[in-house]
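Engineer: Sharing a sequence plus its predicted fold:
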Amino acid sequence: MNPDICRERENATFNTETLTNMLDGSAEKTRRRREIESLVINDPDFQHDDPNFMSRSERYDAAVKKSSQMIMKLRDYGISDPEEIYFYKRTARRTFHEAFGLHYTMFLPTLYSQCTPEQQKKWLPLAENFKALGTYAQTELGHGTHIRKLETTATYDPSTQEFVLNCPTVSSIKWWPGGLGKTSNHAIVLAQLYTLGKCHGLHAFIVPIRCMKTHQPLPGVTVGDIGPKFGFEEVDNGYLKLENVRIPRENMLMKYAQVEPDGSYLKPPSDKLTYGTMVFIRAMIVGESARALSKSCTIAIRYSAVRHQSELRPGEPEPQILDYQAQQYKLFPLLAAAYAFTFVGQYMSDTYHRITGHINQGDFSQLPELHALAAGLKAFTTWTANAGIEVCRMACGGHGYLCCSGLPDIYVTFTPTCTYEGENTVMMLQTARFLVKCYRQAREGQQLSGTVSYLNEQQRLQPQPVSSRPTVVNINDLASLVEAYKLRAAKLVEVAAKSLQGELQRSISQEDAWNNSSIELVRASDAHCHYVVVELFAAKLSEISDTAVHSVLNTLALLYALHGITLNSGDFLQLSQITQRIKALLVEIRPNAVALVDSFDYNDEMLNSVLGRYDGNVYESMFEWAKRSPLNRTEVRSFIIFNIIQKK
Ligand SMILES: CC/C=C\C/C=C\C/C=C\CCCC(=O)SCCNC(=O)CCNC(=O)[C@H](O)C(C)(C)COP(=O)(O)OP(=O)(O)OC[C@H]1O[C@@H](n2cnc3c(N)ncnc32)[C@H](O)[C@@H]1OP(=O)(O)O
Ligand SMILES: Cc1cc2nc3c(=O)[nH]c(=O)nc-3n(C[C@H](O)[C@H](O)[C@H](O)COP(=O)(O)OP(=O)(O)OC[C@H]3O[C@@H](n4cnc5c(N)ncnc54)[C@H](O)[C@@H]3O)c2cc1C
C-alpha cells in the first residue's frame, strides 16, 4: 500500500464506513451491495481486457456477450430486486453503457407505464424474457427537441384494423435510438397518429423491426448503425426508415389514449402522458451525475495524494500535489458537489416515484412540477458534472489523458447526458416556463407548494420588488446561505418575469417576448435549481446523527454554497470575505479528502482507473497496463514500415 495513501487514511477525522453506510442507507445495505459487487469481481467471465484495446466491432460484440451473460447470471443468482440488479450491472459495466441498455432504461419502462393491462399481459413476458428486445425510437434526423414536429406517421386503416407506419421524408428517418442499429427486434416508435382523416399528435406504438427468429429486418424496414461517435462505443445507436409497415391496432400503447376498431379516437386525460418515459430518465440521470462526478473525484483526489511534484518550500522534498491550494480549489468544491448531487439524486428518485404513484391513481396535479424539477435538475447536475469530470482529468496532469486513468472514458460516456433526454438549454427553458407561471400565481395571492413555495414567501416578506433587496449572509451559517440562495432564486425569477412583461409591453408576440428573455429565463432556472440543491444538502445534514460525519459534511456543504456564490458573484455580495472563508474551508477539508472519496466505496474494478487505485500503486500499474497495449504485441511493426519507406 502506498505510504502516502495510508497516511491520508490515518489522518481522517471520521469513520468512512459510517459515511458509506449512510450513503447506502444502512450497514446491511452496504453489506449486500458489496456482496453483489463481489459476484462480478470474482467472476472469471468478467475479467476481460480493457475495451480501449479493442476495435468498435469487438467492443460491441463484447458488450452483447456481457449483456447476455448478466441476464443468465442474475437469473442463476436469483437477483430480481431492481436496485440489486443495478449494483450488479454497474459493476460489470464499469464506466461503459451496455448493448441492451435502452431495452432496460426506456423500452421496458414505457411498456410498464403506457400499456393497458391486456397489452402488458402480451408484451411483458416477451420483453422480460428478452424475446422482444426493444429500443425507444423518437428522435428523427430532422427533429430531436421539437417533438411536436416529428414526421413519422401512423395512419389507422379501419378496413384491416391496422396502423400503417411511414417515414415520409429523409428528415423523418428515426436517428439515434440506442440498440437500434444491430440489437433490437422491436421499437417503441413515436409517431403522429392519424385516424378518420384527423391528426391527434404524437403517440407511442410497438413496432416489430426484425424477425424474432432470424433477426433479419422485416419487410418495409430499413435499419442500421449510425456510425462512430465521440463515445458510447458499446451502443449501436441506429437509424430506422419505415415504409408502409403495418401493425395491429392493439400495438398502439393505449393506457391513456385509445383508437376504437372503427377508428374513433378517445383522448387522454393529459396529452403529456406520452412524454412520461422522458421524465423518468431525466429524473434518473440526476443520480448518474452524482456517480460520474464522485468517481472522477475519487480518481483525482487519490492520485493527488500519491503524486509528488514541484517545490513548495526550497530544499524540502516534493510535496503531494493535494497540498497545493490551487489543486484543492479545483477538486474540493467538486467533491462537495458530488455529495450534494448524491442527496439530490435520492430526492429526485423518491419524488418521481411518489408523484407517479399519484398519477397512476388519476391525480395529475403534480405532473407539471415533476416535469419542471426533473428537467431543471437534469440540466443543472449534468452541466456541472460534465465540466467537473474535465477538471478532474486535467488535475491529474498528463496521466489523466491516458485511457487507463478512467477519466476519458467517464467523460465521453457521461457528456451526452447534456444532450439526450432533453437538450439542457431546452430543459432549463421548460423549468422557466413553470417558474414564471408560479411567479404570476404568487403575485395573484395563490398559495404555492413544493420547491416553489419560496415565491409566496418572498411576496409576503416585502411586497416591493424582490430584486431591490440586498443579499446579506452569515457565511459560517448554512441556514443563512440557504436563505441567500432562496432570495437569489426569487430575484432572478422576478427579473425573468419582468423581462417578459417588458417585452410584451413593446407589443411583440408572446413567442418573441419569450425568445428575447431566454437569457434571463435560463438564469432563473439555474438559480432555482441551485437553491434546491443547497436546500436539500442542508436538509440532509439535519438527518445525520454521527457528529464526526455531520461535521465533515457540514464543511462540504458550506464550501459548496460559498463556492457557488463566487461562481455567481454578480448575484451576491461580500465576495472578499467569502474567498477568505473558502480558503479556510479548504484547509479544514484537506485531511479528510481521501477518506471522503473512500466513503463512496468504489471498488477498483468499477473505478477502472490505475490512477484511482485503492492501494495508490499508480506507476507500477500504469506500466503494466501500457505493456498490454496491442501496439506492443510486436516489436518491429513501425520499423518494417520505416524500412519500406527508406528503400523507395
Ligand atoms: C437510468 C438512466 C440513466 C442514464 C441513461 C442511460 C442510458 C440511456 C441513454 C440514452 C437515452 C437517451 C434517450 C433519448 O434521448 S429519448 C429522446 C429524448 N427527447 C427529448 O427529451 C425531447 C425533448 N423535447 C421535449 O420534451 C418537448 O419537445 C419540449 C421541449 C418539452 C416541448 O414540448 P411541447 O409539447 O412543445 O411543450 P411546450 O409547448 O413547451 O409546453 C406545453 C406544455 O406541456 C408541458 N410539458 C412538456 N413536456 C412535458 C413532460 N415531459 N411532462 C409533462 N408536461 C410536459 C409543458 O410544461 C407545458 O405545460 P404548460 O402548463 O406550461 O402549458
Ligand atoms: C448518445 C445519444 C443517445 C441518444 N439516444 C436516443 C434514444 O435512445 N432515443 C431517441 O429517441 N433519441 C436519442 N438521442 C437523441 C437525443 O434525444 C437528441 O439528440 C436530443 O433530444 C437533442 O435534440 P437534437 O439532437 O435535435 O438537438 P437540437 O434540438 O437540434 O439542439 C441543437 C441546439 O438548438 C438549441 N435549441 C433547440 N430548440 C431550442 C429552443 N426551443 N430554444 C432554445 N434553443 C433551442 C439547443 O439548445 C441546442 O443548442 C440520443 C442522443 C445521443 C447524443
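Structural biologist: Received it, and whenever you're ready, just let me know what you need. Ligands and ions are numbered 1, 2, ... in the order given.
Engineer: how about the nearest residue in space to M1 that is not next to it in sequence, phi and psi?
Structural biologist: Distances taken as Cβ to Cβ, 6 or more residues apart in numbering place D615 nearest to M1, at 5.0 Å, with adjacent residues excluded. Any C-beta I mention is one placed from the backbone N, CA and C, and that applies to glycine too. With angles defined as degrees, to the nearest 10, D615 sits at phi -80, psi -10.
Engineer: now swap in Y156 and tell me
Structural biologist: phi -80, psi 130.
Engineer: got it, and L266?
Structural biologist: When read as degrees, to the nearest 10, the backbone of L266 gives phi -110, psi 120.
Engineer: quick one: the spatially most central residue of the chain and ligand 2, what's the gap?
Structural biologist: Nearest residue to the geometric centre of the chain (Cα atoms, centre = their mean): I285, 2.7 Å. Separation of I285 from ligand 2 (Cβ to the nearest ligand atom, to the nearest Å) stands at 12 Å.
Engineer: Surely that residue is in contact with F380?
Structural biologist: No: I285 sits out of contact with F380 when judged by Cβ atoms under 8 Å, with a separation of 11.0 Å.
Engineer: helices and strands around the one helix or strand the residue nearest to the centre of the chain maps to, which ones?
Structural biologist: I285 is part of helix 276-306, with elements assigned from DSSP states H and E. Applying 3 or more Cβ pairs under 8 Å, 6 or more residues apart in numbering; DSSP states H and E, we find helix 276-306 packed against helix 3-11, helix 108-114, helix 325-360, helix 367-395, helix 407-414, helix 593-598, helix 604-607.
Engineer: now the angle from it to helix 325-360?
Structural biologist: On the basis of axes from the mean of the first three to the mean of the last three Cα atoms, to 10 degrees, helix 276-306 is oriented at 160 degrees to helix 325-360.
Engineer: What about L266, how many residues nearby?
Structural biologist: If you count neighbours by other Cβ atoms under 10 Å, L266 ends up with 11.
Engineer: Contacts only, for L273.
Structural biologist: Counting by Cβ atoms under 8 Å, 6 or more residues apart in numbering, L273 touches 114, 255-256, 359, 364.
Engineer: Of those - the most surrounded one?
Structural biologist: Neighbour-wise, those (other Cβ under 10 Å) top out at Q114, 24 neighbours.
Engineer: So what's the residue count around the residue nearest to that residue when sequence neighbours are not counted?
Structural biologist: Leaving aside its chain neighbours, Q114 sits nearest to L253 (4.1 Å; criterion: Cβ to Cβ, 6+ apart). Number of residues near L253 (other Cβ under 10 Å) recorded here: 22.
Engineer: Could you do the one 5 residues further on as well?
Structural biologist: Other residues near Q258 come to 15 when the count uses other Cβ under 10 Å.
Engineer: Next: K89.
Structural biologist: K89: 19 surrounding residues under other Cβ under 10 Å.
Engineer: Can you give the contact residues for the strand or helix carrying it?
Structural biologist: Under the criterion of DSSP H and E, K89 resides in helix 82-93. Applying Cβ under 8 Å, 6+ apart, the contact partners of helix 82-93 are 32-33, 36-37, 39-41, 46, 66, 70, 73-74, 79, 98, 291, 603, 605-606.
Engineer: what are the bridge partners for K174, then?
Structural biologist: Beta-bridge pairing for K174 (DSSP bridges): E140, L240.
Engineer: do you know how far it is from L180?
Structural biologist: Separation of K174 from L180 (Cβ to Cβ, to the nearest Å): 7 Å.
Engineer: Can you point out the buried residues in the helix holding K89?
Structural biologist: Buried residues in helix 82-93, counting neighbours by 16 or more other Cβ atoms under 10 Å, are found at 84, 87-93.
Engineer: pLDDT check: weakest of the residues you listed?
Structural biologist: Least confident of the buried residues of helix 82-93 in the model: R93, at 89.
Engineer: For the closest residue to ligand 2 within the chain, list the residues it contacts.
Structural biologist: Per Cβ to the nearest ligand atom, the residue of the chain with the smallest distance to ligand 2 is G144, at 2.3 Å. G144 sits next to 176, 423 when contact means Cβ under 8 Å, 6+ apart.
Engineer: that's a helix at it, yeah?
Structural biologist: No: looking at G144 with DSSP: H, G, I helix; E, B strand; the rest coil, it is coil, so not inside a helix.
Engineer: Now for D45, how many residues are close by?
Structural biologist: Counted with other Cβ under 10 Å, the neighbours of D45 add up to 13.
Engineer: no no, R302
Structural biologist: Residues lying near R302 (other Cβ under 10 Å) number 28.
Engineer: The one 5 residues further on now?
Structural biologist: The local packing of R307 (other Cβ under 10 Å) involves 23 other residues.
Engineer: isn't it right next to E318, touching?
Structural biologist: No: between R307 and E318 there is no contact under Cβ under 8 Å: 9.1 Å.
Engineer: Find residues that contact each of K174 and L180.
Structural biologist: Contacts common to K174 and L180, judged by Cβ under 8 Å, 6+ apart, are 137, 187, 239-240.
Engineer: can you tell me which two in those are farthest apart?
Structural biologist: Greatest spatial distance among the shared contacts of K174 and L180 (Cβ to Cβ): A187 and Y239, at 11.4 Å.
Engineer: For ligand 1, see how far away R249 is.
Structural biologist: Relative to ligand 1, and taking Cβ to the nearest ligand atom, R249 is found at 25 Å.
Engineer: contacting residues around that residue?
Structural biologist: Residues near R249 by Cβ under 8 Å, 6+ apart: 156, 161-163, 259, 261.
Engineer: Of those residues, which belong to helices?
Structural biologist: Counting by DSSP state H, no part of the contacts of R249 is found in helices.
Engineer: What about these, which one has the most neighbours?
Structural biologist: In terms of neighbours by other Cβ under 10 Å, these top out with F163 at 27 neighbours.
Engineer: wait, that one sits on M252?
Structural biologist: Yes: using Cβ under 8 Å, F163 is in contact with M252, at 6.4 Å.
Engineer: tell me which parts of the stretch 1-150 of the chain are close to ligand 2?
Structural biologist: Within the stretch 1-150 of the chain, the positions lying close to ligand 2 (Cβ under 6 Å from any ligand atom) are 102, 136-139, 143-145.
Engineer: between the residues you listed, which has the most around it?
Structural biologist: A137 (33 neighbours).
Engineer: gap between it and M1?
Structural biologist: Using Cβ to Cβ, we find A137 at a distance of 50 Å from M1.
Engineer: just to revisit the earlier point, so which of the buried residues of helix 82-93 comes closest to D598?
Structural biologist: T91 (17.3 Å).
Engineer: Please tell me how far the residue of the stretch 451-600 of the chain found nearest ligand 1 sits from E494.
Structural biologist: When scored by Cβ to the nearest ligand atom, the stretch 451-600 of the chain has W514 as its residue closest to ligand 1, at 9.8 Å. Distance of W514 to E494, computed by Cβ to Cβ: 17 Å.
Engineer: now G388
Structural biologist: Counting by Cβ to Cβ, the gap from G388 to E494 is 30 Å.
Engineer: The two: which is more packed in?
Structural biologist: G388 (26 against 23).
Engineer: Leaving out the residues flanking it, which one is nearest to that one?
Structural biologist: Leaving aside its sequence neighbours, G388 sits nearest to L334 (Cβ to Cβ, 6+ apart; 4.4 Å).
Engineer: residue contacts, that neighbour?
Structural biologist: Residues in contact with L334, defined by Cβ under 8 Å, 6+ apart, are 293, 296-297, 388, 391-392.
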